[in-house]
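> sequence and predicted structure, then a few things I'm wondering about:
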Amino acid sequence: MEEAVASCLALLGTATDRDWDGVRAGRLEWSCRDTAEHIAGDLISYAGQLAGRAQHAYVPFEITFDDGTDNSGVLDVIRTTGVLLAAAIRTTPREVRAFHPYPFRSANREGFAAMGTAEVLLHTHDIAEGLGLTYQPAPELSEFVLGRIFPHIRPAADHWRTLLWATGRAELPGRAPVTGWKWNNNLVHTTDRLTLQGITPAAAGDLVAGGDGGFEWIEGGPYEGTREAATFLLKAYASGVHRPEFGVFVLVRREDGRAVGGLGFHGAPDEEGRTEIGYDLAEGARGQGYATEALRALSEWSLARDDVRTVFATIERDNLASQAVVTRAGFKKVSEDEVEGEFAYELGR
């Protein structure tokens, strides 16, 4: 976030003697000055959402430059609002979520950091295009944005070009032009004792690399099944077929914000509306009903959708504990594979 703002200021600071008010910003309808005002407005708005813990709508305020503010003053406002958002991100607890409409009506501090970074990068590009400047931000900034709020976009080798294409600002070989787009913050389901937090491709990459995925785990977590599921998520992301709502969720206790396990789908539902689900828990969280609670909630959510008719789980014959979990969640055993030594359980509508 701070690096993105610094790159914006460094480039636009070379053109403060230019006319920003009479020049359109790239493909936008706004002038370069209006676009700069929009950057500052987004940064302060995101800071306000996080600081105020807004839950139901945007905090109703916007930023307007004072009459007579010159271009150097405009950059001072962007610098200041960037500092305020960075401070809000640093001081907001990991579990806090605040209102944002796209697509699930909330975002955590990482989501707001990614959205703020994207706003700065993209609109600096727009202003630069209008002024005839060349803007090439550090590639890791675009990678940060794509891996957190564009999980549905297949990444290309050039992350900056991918981000420009994904927001309708550039062409990408082999892909159709983008005419409409929105952020895609992670989905979170809430139960009595847990939040089921959808993991982003960035978090999945960290888990696969041996990290914690950005979560504070109880001892023994994350368990191997969660890391394996993250591997499948990354493969789907790289192939451009990842659907976040049918991805992997980390189970986080509401009482202390600590992660206890993972739960997720093996992919989007097929043409018959069937989708497979799997789960695991860290050893210290077993025997307390967490898996049943999470499985029941995610299954009920999926079966309420038009594109899902059946949720099924495949469980090894000697895994009695897992069979008990799905049974308590309402699943029924429907078949047995003698060769593989597995039972199939289903929950349908």
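Okay, I see it.

> what sits up against stretch 318-334?
279, 286, 289, 291-292, 295-296, 299, 311-313, 315-316, 341, 343-347 (Cβ atoms under 8 Å, 6 or more residues apart in numbering). For glycine as for every other residue, the C-beta is placed from the backbone atoms N, C-alpha and C.

> kindly recompute the last result at 7 Å.
Contacts with stretch 318-334, where a contact means Cβ atoms under 7 Å, 6 or more residues apart in numbering, come from 291, 292, 295, 296, 299, 313, 315, 343, 344, 345, 346, 347.

> then stretch 159-179?
27, 122, 125, 136-137, 139, 142-143, 145-146, 150, 153, 155-156, 181.

> quick one, helices of the stretch 151-300 of the chain?
Counting by DSSP state H, counting those that start in this stretch, the stretch 151-300 of the chain has helices at residues 159-166, 201-208, 224-239, 290-303.

> just checking, what packs against the longest one?
Identification of packing neighbours for helix 224-239 by 3 or more Cβ pairs under 7 Å, 6 or more residues apart in numbering; DSSP states H and E yields helix 201-208, strand 248-253, strand 259-265, strand 274-281.

> compute the inter-axis angle for the second one and strand 259-265.
An angle of 150 degrees separates the directions of strand 248-253 and strand 259-265 when computed by axes from the mean of the first three to the mean of the last three Cα atoms, to 10 degrees.

> with the first one instead?
On the basis of the same axes, to 10 degrees, helix 201-208 is oriented at 120 degrees to strand 259-265.

> now the angle between helix 224-239 and helix 201-208, please.
140 degrees.

> just the buried residues of the contacts of stretch 159-179.
122, 125, 137, 142, 143, 145, 146, 150, 153, 155, 156 (16 or more other Cβ atoms under 10 Å).

> rewinding a little: neighbour-wise, which one of the contacts of stretch 318-334 leads?
When neighbours are counted by other Cβ atoms under 10 Å, residue 291 leads the contacts of stretch 318-334 with 27 neighbours.

> pLDDT wise, what is it at?
Model confidence at residue 291, given as pLDDT, is 96.

> check what pLDDT residue 221 gets.
For residue 221, pLDDT reads 88.

> how near is it to residue 252?
Distance check for residue 221 against residue 252: by Cβ to Cβ, to the nearest Å, it reads 11 Å.

> which element is residue 119 on?
Using DSSP states H and E, residue 119 maps to helix 109-131.

> need the residues that contact the helix or strand just after that helix.
With elements assigned by DSSP H and E, the helix or strand that comes after helix 109-131 is helix 139-149. Contact with helix 139-149 is made by 3-4, 110-111, 114-115, 117-118, 121, 153, 155, 159-160, 162-163, 183-185, 200-202, 205, as judged by Cβ under 7 Å, 6+ apart.

> what do you get if the cut-off is 8 Å, keeping everything else the same?
3-4, 7, 110-111, 113-115, 117-118, 121, 153, 155, 158-160, 162-163, 166, 183-185, 200-202, 205.

> can I get the CA coordinates of it in PDB?
Taking Å, rounded to 0.1, in the frame of the first residue of the first chain, the C-alpha atoms of helix 139-149 are listed here in PDB:
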ATOM      1  CA  PRO A 139       5.500  -6.300 -10.400                       C
ATOM      2  CA  GLU A 140       5.000  -7.600  -6.800                       C
ATOM      3  CA  LEU A 141       2.400  -4.900  -6.300                       C
ATOM      4  CA  SER A 142       0.200  -6.200  -9.100                       C
ATOM      5  CA  GLU A 143       0.800  -9.700  -7.900                       C
ATOM      6  CA  PHE A 144      -0.400  -8.700  -4.400                       C
ATOM      7  CA  VAL A 145      -3.600  -7.300  -5.800                       C
ATOM      8  CA  LEU A 146      -4.400 -10.200  -8.200                       C
ATOM      9  CA  GLY A 147      -3.800 -12.900  -5.600                       C
ATOM     10  CA  ARG A 148      -6.200 -11.300  -3.100                       C
ATOM     11  CA  ILE A 149      -9.100  -9.600  -4.900                       C
END
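
> off-centre distance for that helix?
11 Å (Cα atoms, centre = their mean, to the nearest Å).

> report the angle between it and helix 224-239.
Going by the same axes, to 10 degrees, helix 139-149 makes 110 degrees with helix 224-239.

> correct me if wrong: residue 33 contacts residue 16.
No: in this structure residue 33 lies outside contact range of residue 16 using Cβ atoms under 8 Å: 11.4 Å.

> the two - which one has more neighbours?
Using other Cβ under 10 Å, the more surrounded residue of residue 33 and residue 16 is residue 33, with 19 against 13.

> what's near enough to touch that one?
Counting by Cβ under 8 Å, 6+ apart, residue 33 touches 20, 21, 71, 74.

> let's see 10 Å
Contact analysis of residue 33 by Cβ atoms under 10 Å, 6 or more residues apart in numbering lists 19, 20, 21, 22, 23, 25, 65, 69, 71, 74, 127.

> looking at those residues, which are in helices?
Among the contacts of residue 33, the members found in helices (DSSP state H) are 71, 74, 127.

> top of these by number of neighbours, please.
Top of those by neighbour number is residue 127, holding 29 neighbours under the definition other Cβ under 10 Å.

> okay, it and residue 152: tell me how far apart.
27 Å.
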